[in-house]
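Q: I need the structure of the sequence given here:
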Amino acid sequence: MQSKLLIVLRIILNRWGVYMKKLIVACGSGVATSTTIAEKIKSRLESKNVNCQVEAVDYKSIMSELPGADIYVYIAKPDDEVLSEAERLNIAVFPGVPFLTGMGADDVFDKICEAIAK
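A: Numbers count the residues shown, from 1 in each chain. Got it, this is the predicted structure:
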């Protein structure tokens, strides 16, 4: 029940322009790779004047982080439980590796921007 209430509250606040969406990037330790990707995404968002909170998190805490997020960027493919929870919470999920390799980063970034605009 609390998750549904949180989702409805986010939608209302977003429509009023009060709510800033939150994007989380998760890797195994939440230190190096996720921080690098989070900074790349944050920099791109700022260059396009897109407001979104971006945070690197530890994958071990992903289940407790998901309810507060709108967008989840993963490094290693998450397990089915995590993907099911993200779907249940209506969280957009995207791969983060393209931001490391540069291959496909523009396409993923465009999709992230679309998710933020929703």
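Q: drop to CA atoms for contacts and neighbour counts, all remaining ones
A: Will do.
Q: So which elements touch the helix or strand where Leu83 lies?
A: Following DSSP states H and E, one finds Leu83 within helix 80-88. Helices and strands touching helix 80-88, by 3 or more Cα pairs under 8 Å, 6 or more residues apart in numbering; DSSP states H and E, are helix 62-65.
Q: what packs against the longest helix seen in the chain?
A: Here the longest helix in the chain is taken by residue count, with DSSP state H as the criterion, and it is helix 32-47. Applying 3+ Cα pairs under 8 Å, 6+ apart, one finds that helix 32-47 makes contact with strand 22-27, strand 53-58, helix 97-101.
Q: 7 Å - rerun?
A: If contacts are counted by 3 or more Cα pairs under 7 Å, 6 or more residues apart in numbering; DSSP states H and E, helix 32-47 sits against strand 22-27, strand 53-58.
Q: contact partners of that helix?
A: Surrounding helix 32-47, the residues in contact under the criterion Cα atoms under 7 Å, 6 or more residues apart in numbering are 25-27, 54-56, 96, 99-100.
Q: Find the residue ranges of the chain scoring beneath the pLDDT cut-off.
A: Counting by pLDDT under 70, the ranges of the chain that qualify are 1-19, 29-31.
Q: Let's see that with 90 instead.
A: For the chain, the stretches flagged by pLDDT under 90 are 1-20, 27-32, 51, 58-59, 76-77, 117-118.
Q: coming back round to it: direction-wise, compare the longest helix of the chain with strand 22-27 and give the angle.
A: Between the axis of helix 32-47 and that of strand 22-27 there is an angle of 150 degrees, by axes from the mean of the first three to the mean of the last three Cα atoms, to 10 degrees.
Q: Give the buried residues for helix 32-47.
A: Along helix 32-47, these residues count as buried under the neighbour rule (16 or more other Cα atoms under 10 Å): 33-39, 41-42, 45.
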